[in-house]
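Visitor: mind looking at a prediction? Sequence and model below.
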Amino acid sequence: MRKKMLKNQFKTLMTGTALLAALIAVSVQAQDNSSSREIDAVWTQSDGIRPEIFYSHARSGIWSEPFMITDDYYDNMYPVIDQDSSGKKWLFWSAYDNQRMDIRYTTGKDGKWTDAETLETAMQLNTAPSVIIDKSDVVWLVWSANSDGAGDVFCATNKDGVWSSPILVNEVNTTPDVLPVIELNDENRPVVSWKGMSDGKIVDLISEWDGEGWSKAAIVTEDEARKEAGELASDMVELPDFMPASGLVFLRVY
């Protein structure tokens, strides 16, 4: 009975991944007027056959024509993006094919994008990526993953082009930990917020990187979790007509 309940809870939280795209629409690294700053937008949209990832960039309120990043046999969803100090962009998304979901990614600069690659993990289902790049240009990636369990939050970093092995962010447990969001705090330390379970209820959790590992998860309010994640309402940025509803677009405002 408990195993069935956990599966149902996990299904409910994973269904919330679509809600995540609606709630986490804008990630901002400063506080001035977004209309005068650079913005990257990524979203999922059908090409008439399957869902693909699209990209556009705005400068001073002028949006570039949409560019289709993916063109493959995957169902591509839930994209996120950030850029390093050189202007190199890192774009990640979930790619589903034949009962497996992988994290795929590409990098781009000056309008040119590399061929997409798959992040190597031992898990069968990898979804809901979130990315942040710190001041040392280390790429921090978190996502939800599981093979046959309730679901966990994992983290991997890319430094100088080399990926670390994925490590667990949440503590080992038998309940779902999903929908992670990563941002930097004022000390340039990564902080992850996600949905988990406590006493049979869905709660918001956060953990901070202390230089050697992830701190013990702390329960916070939903507002506190959204503040840690640096979220703003998507209606603060006016989107062009070629994009879908704002809740389906991920924006990174620099």
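Guide: Cool, got the structure.
Visitor: how far out from the middle of the chain is the strand or helix carrying Met77?
Guide: Assigned by DSSP states H and E, Met77 belongs to strand 75-83. Centre-to-centre, strand 75-83 and its host chain are 7 Å apart (CA atoms, centre = their mean, to the nearest Å).
Visitor: strands paired with it, and their directions?
Guide: strand 89-97 (antiparallel) (DSSP bridges).
Visitor: would you indicate which residues of the helix or strand that the strand it pairs with is followed by are buried?
Guide: Using DSSP H and E, the helix or strand that follows strand 89-97 in sequence is strand 100-109. If you call a residue buried by 16 or more other CB atoms under 10 Å, then strand 100-109 has these buried ones: 101-108. Bear in mind the C-beta positions are built from the backbone N, C-alpha and C, glycine included.
Visitor: any weak-confidence spans in the stretch 1-150 of the chain?
Guide: For the stretch 1-150 of the chain, residues meeting the criterion pLDDT under 70 lie at 1-36, 148.
Visitor: can you pull out the strands in it?
Guide: Assigned by DSSP state E, counting those that start in this stretch, the strands in the stretch 1-150 of the chain fall at 26-28, 39-46, 51-59, 62-63, 67-68, 75-83, 89-97, 100-109, 112-113, 117-118, 125-133, 139-146.
Visitor: nearest approach to Ser215 belongs to which of the ones you listed?
Guide: Nearest to Ser215 among the strands of the stretch 1-150 of the chain is strand 139-146 (14.2 Å), distances taken as CB to CB.
Visitor: the closest one pairs with which strands?
Guide: strand 125-133 (antiparallel), strand 152-159 (antiparallel).
Visitor: can you list the strands of the stretch 1-150 of the chain in JSON lines and add distance to Val249?
Guide: Below are those laid out as JSON lines (distance: least, CB to CB, whole Å):
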{"stretch": "strand 26-28", "distance to Val249": "9"}
{"stretch": "strand 39-46", "distance to Val249": "4"}
{"stretch": "strand 51-59", "distance to Val249": "9"}
{"stretch": "strand 62-63", "distance to Val249": "11"}
{"stretch": "strand 67-68", "distance to Val249": "14"}
{"stretch": "strand 75-83", "distance to Val249": "9"}
{"stretch": "strand 89-97", "distance to Val249": "13"}
{"stretch": "strand 100-109", "distance to Val249": "18"}
{"stretch": "strand 112-113", "distance to Val249": "18"}
{"stretch": "strand 117-118", "distance to Val249": "24"}
{"stretch": "strand 125-133", "distance to Val249": "15"}
{"stretch": "strand 139-146", "distance to Val249": "19"}
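Visitor: of all the ones you listed, which one is nearest Asn185?
Guide: The closest of those to Asn185 is strand 125-133. By CB to CB, the value is 10.6 Å.
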